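mind folding the following:
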Amino acid sequence: MDKKNALRAGALAAGTTLMMLLMTSPALALTRDDGDDPGPGLSVAETLGLYVAVPLVLFGVIAGLVIALDKSRKQV
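The predicted structure follows:
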């Protein structure tokens, strides 16, 4: 009975994924909308800084604050 449910769930997941892939159209991204005014592109360094370095720094700051302000451990 478990194999039947697993097969059904796999088929449902595969079918859903396939339908989502078929319904999305990346070609629509090539057409420009009225009033579209894109800015200059980002360099590789700017992209890495914005999407890699900044989140890592924010994670470090938040983790550091949580560790520094932790009240659950016993004060000696």
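
in the protein, which helix has the most residues?
Within the chain, and with DSSP state H defining each element, the longest helix by residue count is helix 2-23.

could you say what helices and strands that helix packs with?
If you count contacts as 3 or more CB pairs under 8 Å, 6 or more residues apart in numbering; DSSP states H and E, helix 2-23 packs onto no helix or strand. Using the backbone N, CA and C atoms, a C-beta is placed for each residue, glycine as well.

model confidence over it, on average?
Helix 2-23 shows an average pLDDT of 90 in the prediction.

just use 18 as the starting number from now, easier for me
In the new numbering, first residue 18, that becomes helix 19-40.

which other helices and strands contact the next helix or strand after that helix?
Using DSSP states H and E, the helix or strand that follows helix 19-40 towards the C-terminus is helix 61-65. In terms of contacts (3+ CB pairs under 8 Å, 6+ apart), helix 61-65 is not packed against any helix or strand.

contacts for helix 61-65?
Contact with helix 61-65 is made by no outside residue, as judged by CB atoms under 8 Å, 6 or more residues apart in numbering.

pLDDT of it, averaged?
Per-residue pLDDT values across helix 61-65 average out to 95.

give the buried residues for the longest helix of the chain.
When neighbours are counted by 16 or more other CB atoms under 10 Å, no buried residue of helix 19-40 is found.

what of stretch 47-54?
Under 16+ other CB under 10 Å, stretch 47-54 has no buried positions.

could I get the CA-only coordinates of it as PDB?
Presented in PDB, the C-alpha positions along stretch 47-54 are these (Å, rounded to 0.1, in the frame of the first residue of the first chain):
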ATOM      1  CA  LEU A  47      12.200  39.900 -23.800                       C
ATOM      2  CA  THR A  48       9.300  42.300 -24.600                       C
ATOM      3  CA  ARG A  49       9.600  45.700 -23.100                       C
ATOM      4  CA  ASP A  50       6.700  47.400 -21.300                       C
ATOM      5  CA  ASP A  51       5.700  51.000 -21.800                       C
ATOM      6  CA  GLY A  52       7.500  53.200 -19.300                       C
ATOM      7  CA  ASP A  53      10.200  50.600 -18.700                       C
ATOM      8  CA  ASP A  54      13.400  52.400 -17.800                       C
END
